[in-house]
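*Asks:* structure for this input, please:
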Amino acid sequence: MNRSRKLVIADLMSVFADSRIPLASLQHLQANADRLIRRKFDDGRGGKCIFGLLSEPFTEQPQIDCRTALIAFYGGDELATHYQPARALVRLWDARPADPVVLERYGSNVAPLSRRLVLRVLRKAIRRRQAGLRSRSGARLISRAGSTAGRRTSEPLSVCS
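*Replies:* This next block holds a predicted model:
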């Protein structure tokens, strides 16, 4: 796997791992992948871009339905480091591999973002998020029920040493 593809995958994982995007939004994108479109946020017939579908279930924050909303989601600064993966992915999804933002981030040896790759990385992100929820929920149960030397502990059990 070349360096460009690895960075694209890492950027997708970074976007999908963002704590402001709930698990329900990831699952919504997966369930509505047939509605994914390119080059527009919304086609007016139910088709939406990646961020449009991701944000459809949002209740606590505005939906991402335009470039300005996407920039606002990432703090309002178009030059912010944490916005750059999303910015480049949108352009790569829109099949613009010669775009200066794409070239700067991924180089010239990158193919347009495929639906297949997006969904493969999305499935992995959903599994990781679900595993994290299960482990945190298990840690809370253990911390409530267990005790160490007669006192309660809120430290989660670790499988790593």
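*Asks:* where in the protein is pLDDT low?
*Replies:* Where the chain drops to pLDDT under 70, the residues are 136-161.
*Asks:* in it, which spans are helices?
*Replies:* Per DSSP state H, the chain carries helices over the ranges 3-17, 23-31, 50-55, 67-73, 84-93, 100-106, 115-145.
*Asks:* can you tell me which of the ones you listed is packed in deepest?
*Replies:* Ranked by mean neighbour count, those are led by helix 50-55 with a mean of 25 (mean count of other C-beta atoms under 10 Å). Where C-beta positions appear, they are placed from N, C-alpha and C, glycine not excepted.
*Asks:* buried sites along stretch 44-63?
*Replies:* By neighbour count with 16 or more other C-beta atoms under 10 Å, stretch 44-63 contains the buried residues 47-56, 58, 63.
*Asks:* related to what we said a few turns ago, let me have the helices of the chain in CSV, extended by distance to Asp42.
*Replies:* Putting the helices of the chain into CSV (distance: least, C-beta to C-beta, whole Å) gives the following:
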stretch, distance to Asp42
helix 3-17, 19
helix 23-31, 14
helix 50-55, 6
helix 67-73, 11
helix 84-93, 14
helix 100-106, 22
helix 115-145, 17
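*Asks:* looking at these, spot the one closest to Ile37.
*Replies:* helix 50-55 (8.4 Å; C-beta to C-beta).
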